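S.K.: Sequence and predicted structure below; questions after.
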Amino acid sequence: MKSLVIYYSRSGKTRDVAQRIAEGTSADVEEIVEVECHESYARSAIDAILKRKPTLRPFGRSLDDYDLIFVGTPIWTMNAVPAIQSFLATQEWMSRNVALFCTMGGMGDKKAFHTMRSLAPGARIIGELGLDSQAFKDEEALQERVTSWIEKVQSSAA
């Protein structure tokens, strides 16, 4: 099964999870990058609150080449980041196997997953994984949690 991990990360936590997923699935990886990224987290948070959609660098892969797509985001202002929302809104998701993951300080995953599902109409969402800051305190437990989730997702995609 050919897999792709798509993610956005500022602090590195979502990138860390994306890399764990890619290693566990032998997936290709694509980072979502804004053309003009604000250095200030406060400015980024304001953009998220105001629902401003950033311009993204061109996406380098075709989703048609993959059987399973993982999409990951950090949580800002209790939701998926604007860059991931913009990306999701510009792709064709009909009948694709998609697994969603997020990293967060404390909470917001339920709203983020709802938003992500609504921006990927027709996708077959086969898994969701929310990891808060506590999950990153025990490296072994984090790896076991991600690995277990990958196994569930892959069996659902088969």
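M.R.: Received, thanks.

S.K.: Count the neighbours of residue 124 for me.
M.R.: 15 (other C-beta atoms under 10 Å). In short, each C-beta sits where N, CA and C put it, glycine included.

S.K.: go on, residue 122?
M.R.: Here the number of neighbours of residue 122 (other C-beta under 10 Å) works out to 10.

S.K.: for residue 78, same thing?
M.R.: 16.

S.K.: show me the contacts for the spatially closest residue to it that is not a sequence neighbour.
M.R.: Leaving aside its chain neighbours, residue 78 sits nearest to residue 108 (4.0 Å; criterion: C-beta to C-beta, 6 or more residues apart in numbering). Contact analysis of residue 108 by C-beta atoms under 8 Å, 6 or more residues apart in numbering lists 75, 77-79, 102.

S.K.: in stretch 100-108, what's buried?
M.R.: 100-104, 108 (16 or more other C-beta atoms under 10 Å).

S.K.: where does the chain have its least confident helix or strand?
M.R.: helix 41-49 (a mean of 60; mean pLDDT, DSSP states H and E).

S.K.: Now the element after that helix, going C-ward?
M.R.: strand 68-76 (DSSP states H and E).

S.K.: could you point out the longest helix in this structure?
M.R.: Longest helix of the chain, by residue count under DSSP state H: helix 139-157.

S.K.: pLDDT weak spots in the protein?
M.R.: Along the chain, segments meeting pLDDT under 70 span 36-52, 54.

S.K.: re earlier: ok, the buried residues of stretch 100-108 vs residue 134, which is closest?
M.R.: residue 104 (10.3 Å; C-beta to C-beta).

S.K.: contacting residues for residue 15?
M.R.: 7, 9, 31.

S.K.: So it: helix, strand or coil?
M.R.: Here residue 15 is helix, with the state taken from DSSP: H, G, I helix; E, B strand; the rest coil.
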